[in-house]
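Q: sharing a model prediction with you, sequence too.
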Amino acid sequence: MSLVDQLLAERYRIERLLARGGMADVYLATDERLDRQVAVKVIYPHLASDPRFTQKFIREAKTAAKLNHPNLVNVFDQGTANGQTFMVMEYVPGMTLREALDKYGKLPPLRALDLLDAILQGLAAAHRAGILHRDLKPENVFLSDDGRIKLGDFGLAREANSATSTGSLLGTIAYIAPELLTRGQADARSDVYSMGIMLYEFLTGKQPWDGEDVAHIAHQHTTIGVGTPSAAEKSVPPLLDELVLWTTAISPAHRPANAQVLAEVAQRVRAEVKAGNGKTARLDLPQFSGVAATKVISVDATVVIEPLVAPEPEEARANSFADLNTTQNLGEISRQTATYGATSVIDTDADSNSFSLLEELALKRRRRGKWVAAAILAFTLFCSGAGWWFSSGPGGMSALPDLTSSTLANAKSVLAPYSQNLKVVKEFSSTVSDGLVTHTEPKAGSLFFRGSGITVFVSKGANLKAVPSLIGLDLTQAQKALESAGFVIGQAQKFFGSAAANTVFQYLGSDGNKVAAGSTVPLKLSAGPMPDIVGKSQTEATATLKSAGLSVASVAFDYSDTVATGEVIKVNPTQDPLPVNGSVTLVVSKGPTTVVVPNLVGETLAASELALKTLGLVVVVNTDQLQSNWGMIKIKTISVPSGTVVKRGSQIIISNK
């Protein structure tokens with residue numbers, strides 16, 4: 001229901017709809033108390049009726065209202081009026097960052113860093129206040145007409161539930177952090193990941209992964225990781241490649257601790273790029289997750305390496321799942337990370353080397369991989385390869401995306417990360433067009449071992465067959481004939497007609513056209529002829545039709561030389577054929593079409609005109625007298641002699657001359 005022109009809470013005059021989202025409508029309104037324009041977000045009634053959702057909406061509105069920063073959309077008010085739960089925010093005239101990217105495309109590196117810095121300043125203020133955004137994307141960044149850049153919509157991402165459709169998550173899934181997909185856990189580094197995806201989009205004009213399949217994109221978030229933007233846009237300097245890789249690392253421990261840390265490094269990156277050093281400079285990263293930004297590793301030194309992600313007690317893990325798309329207070333989800341160390345011997349080259357943080361992490365992965373490879377090899381020899389294949393190898397389990405109605409080429413592209421072992425089988429389908437995918441085996445959404453075979457079933461159209469002749473059969477006979485031919489009997493509806501009552505006179509396929517095998521075939525059965533009501537009065541005819549299951553939709557009148565005035569001339573069905581419980585139009589007689597001209601000579605002009613018009617004739621008065629005198633002036637001549645039979649509507653001239 002639109003609220004336009006309504007006065008909300010006796011204060012906010014709603015002017016027009018600005019946007020429609022997954023959980024609320026946003027309106028432009030005038031605050032009549034302070035005489036200023038504001039944006040009013042009103043949550044949908046079906047959500048407002050949920051007390052838990054309403055309480056969280058109010059709680060998060062209060063939390064967001066505590067934030068005050070030039071790069072954040074301010075929250076002014078919140079309330080409920082006439083069953084409408086709403087929040088009043090600062091109105092930012094202009095466009096969203098999404099609209100700007102769609103209109104102008106990718107940004108030059110310096111402009112991208114300027115934009116990143118403005119957003120990070122607002123996000124850092126939120127992180128300092130202990131607030132996560134959890135729905136960072138260009139749609140939630142507002143570019144004001146006066147040049148201001150503001151981040152909005154804290155904590156207002158739509159709530160994920162059983163009714164959430166795949167299509168509705170596409171706007172968020174492109175920016176969501178891997179840990180939210182795999183464990184439902186979030187902290188400030190989850191927002192940082194989303195900022196890294198946005199930076200990639202600023203620099204390349206597109207998101208890291210294409211496609212409309214949520215499962216496919218989620219798989220790449222959690223297993224493949226974001227590539228370098230320079231691979232898609234060669235003008236991006238290596239220093240920005242490092243910044244993107246750092247912020248979008250799959251493990252949260254490899255990312256900046258929060259927006260403030262990222263903002264400080266991004267400012268130094270901007271200075272290097274502006275100075276022309278973007279191709280040669282390296283990131284001087286701050287310390288995070290217990291691992292120093294740079295470290296000298298000595299030959300064959302035994303060192304204690306802090307784990308990248310400390311293990312969690314089972315109880316803590318069980319309680320750590322948070323709602324996927326909503327703002328959370330950091331204090332609610334933070335946990336103490338257990339401190340422990342593992343002793344390892346690290347082999348290095350003969351000389352000590354200084355590594356950037358990304359190089360160090362890569363080196364650790366390679367060295368750790370040697371130990372993992374040795375363990376895998378031993379286990380493989382022990383159980384004929386099954387362990388590696390079904391755990392970290394290609395046989396790891398994945399959920400298949402739904403590819404129904406996709407082209408075969410698109411299906412192969414989407415399934416490429418899941419398995420190269422694809423089999424294509426063609427089958428008839430009455431619901432999917434020729435050449436498109438009907439389904440897969442395993443089925444969409446089911447878990448299967450990566451690398452296993454996948455069968456893609458492709459439609460070759462419907463299997464068309466001729467329907468057997470059913471004309472003249474009763475319902476039982478028609479059903480047997482259809483089932484014997486591989487069809488299903490459909491709805492059997494009765495219509496008035498000339499065929500024998502309760503026999504088939506028309507059906508799907510009776511015109512000779514073939515239909516899909518197994519189709520449901522609706523039948524038209526005869527109800528016999530319609531009741532004969534010609535010559536009956538309008539009242540009697542209506543009662544007869546009603547007893548036959550028909551109703552009178554309207555009544556028309558016409559002349560008839562054979563049917564007396566007031567009696568039914570004919571019935572016009574409103575549908576052809578006319579179904580039982582249908583309606584008709586009655587045509588009622590106005591009397592015969594001819595009349596006899598009366599003898600009017602010697603009568604007054606006025607009386608003669610009236611008498612002729614009553615008979616349905618067109619009268620022309622030929623006189624030089626005023627009409628006020630027609631009641632005294634008498635007719636001397638008439639154009640048609642008295643006693644003549646004429647049709648109604650004929651013209652007759654009367655005169656006093």
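A: That came through, no problem.

Q: low-confidence ranges, the stretch 1-150 of the chain, go.
A: 1, 22 (pLDDT under 70).

Q: how about the strands of it, start to end?
A: For the stretch 1-150 of the chain, the strands defined by DSSP state E, counting those that start in this stretch occupy 7-8, 12-20, 24-31, 36-43, 75-81, 84-90, 94-96, 141-144, 149-151.

Q: quick one: which of those is nearest Val618?
A: strand 12-20 (58.4 Å; Cβ to Cβ). In this view, the C-beta of every residue, glycine as well, is placed from N, C-alpha and C.

Q: one step back: kindly reformat the strands of the stretch 1-150 of the chain as a markdown table containing mean neighbour count.
A: As requested, the strands of the stretch 1-150 of the chain are arranged in a markdown table below (neighbours: other Cβ atoms under 10 Å):
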| stretch | mean neighbour count |
| --- | --- |
| strand 7-8 | 17 |
| strand 12-20 | 15 |
| strand 24-31 | 21 |
| strand 36-43 | 20 |
| strand 75-81 | 17 |
| strand 84-90 | 22 |
| strand 94-96 | 16 |
| strand 141-144 | 20 |
| strand 149-151 | 22 |
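
Q: got the domain boundaries for the chain?
A: 7-90, 95-284, 397-459, 464-526, 538-589, 594-655 (automatic domain parsing).

Q: picking that back up, want to try CSV for the strands of the stretch 1-150 of the chain, with distance to Met632 as columns?
A: Shown next, in CSV, are the strands of the stretch 1-150 of the chain (distance: least, Cβ to Cβ, whole Å):
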stretch, distance to Met632
strand 7-8, 70
strand 12-20, 71
strand 24-31, 74
strand 36-43, 78
strand 75-81, 77
strand 84-90, 76
strand 94-96, 84
strand 141-144, 88
strand 149-151, 91
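
Q: out of those, which gets nearest to Leu67?
A: strand 75-81 (7.7 Å).

Q: so what touches the closest one?
A: Here strand 75-81 makes contact (Cβ atoms under 8 Å, 6 or more residues apart in numbering) with 8-10, 31, 38, 48, 54, 58, 61-62, 64-65, 67, 85-90.

Q: direction included, what does that strand pair against?
A: strand 84-90 (antiparallel) (DSSP bridges).

Q: so the strand it pairs with versus strand 24-31, what angle?
A: Inter-element angle recorded for strand 84-90 and strand 24-31: 60 degrees (by axes from the mean of the first three to the mean of the last three Cα atoms, to 10 degrees).

Q: need the contact partners of strand 84-90.
A: 3, 8-9, 12, 29, 31, 38-43, 48, 54, 57-58, 61, 73-80, 150, 152.

Q: ok, now stretch 585-595?
A: 533, 538, 541-542, 552-561, 563-572, 574, 615-617, 645-648.

Q: are any of those residues buried, and which?
A: Those of the contacts of stretch 585-595 that meet the buried threshold are 533, 538, 541-542, 559-560, 563, 567-571, 615-617, 646, by 16 or more other Cβ atoms under 10 Å.

Q: which SSE is Ala271 in?
A: Assigned by DSSP states H and E, Ala271 falls within helix 259-274.

Q: with just CA atoms, put that helix into PDB.
A: C-alpha atoms of helix 259-274 as PDB (Å, rounded to 0.1, in the frame of the first residue of the first chain):
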ATOM      1  CA  ALA A 259      38.300  -0.300   8.300                       C
ATOM      2  CA  GLN A 260      40.700   2.100  10.200                       C
ATOM      3  CA  VAL A 261      43.700  -0.200   9.500                       C
ATOM      4  CA  LEU A 262      42.700  -0.500   5.800                       C
ATOM      5  CA  ALA A 263      42.100   3.300   5.500                       C
ATOM      6  CA  GLU A 264      45.600   4.100   6.800                       C
ATOM      7  CA  VAL A 265      47.300   1.700   4.300                       C
ATOM      8  CA  ALA A 266      45.000   2.900   1.500                       C
ATOM      9  CA  GLN A 267      46.100   6.500   2.100                       C
ATOM     10  CA  ARG A 268      49.700   5.500   1.800                       C
ATOM     11  CA  VAL A 269      48.900   3.500  -1.400                       C
ATOM     12  CA  ARG A 270      47.300   6.600  -2.800                       C
ATOM     13  CA  ALA A 271      50.300   8.700  -2.100                       C
ATOM     14  CA  GLU A 272      52.600   6.100  -3.900                       C
ATOM     15  CA  VAL A 273      50.300   6.000  -6.900                       C
ATOM     16  CA  LYS A 274      50.000   9.700  -7.100                       C
END
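
Q: tell me what that helix is packed against?
A: Helices and strands touching helix 259-274, by 3 or more Cβ pairs under 8 Å, 6 or more residues apart in numbering; DSSP states H and E, are helix 109-128, helix 188-204, helix 238-247.

Q: list the buried ones in the second one?
A: In other words, helix 188-204. For helix 188-204, using 16+ other Cβ under 10 Å, the buried residues are 188-204.

Q: check the first one too.
A: By neighbour count, and taking 16+ other Cβ under 10 Å as the criterion, the buried residues in helix 109-128 are 109, 112-113, 115-127.

Q: show me the contact partners of stretch 421-431.
A: 408, 412, 415, 438, 451-463, 516-519.

Q: again, only using 10 Å
A: 394, 404-405, 408, 411-412, 415-416, 434-441, 451-464, 515-519 (Cβ atoms under 10 Å, 6 or more residues apart in numbering).

Q: which PyMOL command selects the buried ones in those?
A: Burial among the contacts of stretch 421-431 is assessed by 16+ other Cβ under 10 Å; the matching PyMOL selection reads:
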select buried, resi 404+408+411+412+415+436+437+438+439+440+451+454+456+457+458+459+461+462+463+515+516+519
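
Q: quick one: which of the contacts of stretch 421-431 sit in strands?
A: In strands, judged by DSSP state E, the following of the contacts of stretch 421-431 are found: 437-441, 454-459, 464, 515-516.

Q: so which of the strands of the stretch 1-150 of the chain comes closest to Leu132?
A: Nearest of the strands of the stretch 1-150 of the chain (Cβ to Cβ): strand 149-151, 12.4 Å.

Q: tell me how far that closest one lies from the chain's centre.
A: 27 Å (Cα atoms, centre = their mean, to the nearest Å).

Q: do you know the pLDDT at the closest residue in space to Ser190 that isn't next to it in sequence?
A: Closest residue in space to Ser190, ignoring its immediate chain neighbours: Ala177 at 3.9 Å, by Cβ to Cβ, 6 or more residues apart in numbering. Ala177 carries a pLDDT score of 92 in this model.

Q: and Pro256, its phi and psi?
A: Phi and psi for Pro256, reported as degrees, to the nearest 10, are phi -60, psi 150.

Q: for Met195, see how far away it is.
A: 9 Å (Cβ to Cβ, to the nearest Å).

Q: next one: Gln493
A: 62 Å.

Q: where does this structure have its least confident helix or strand?
A: None of the helices or strands of the chain scores lower by mean pLDDT, DSSP states H and E than strand 296-297, at a mean of 24.

Q: brilliant, that's me finished.
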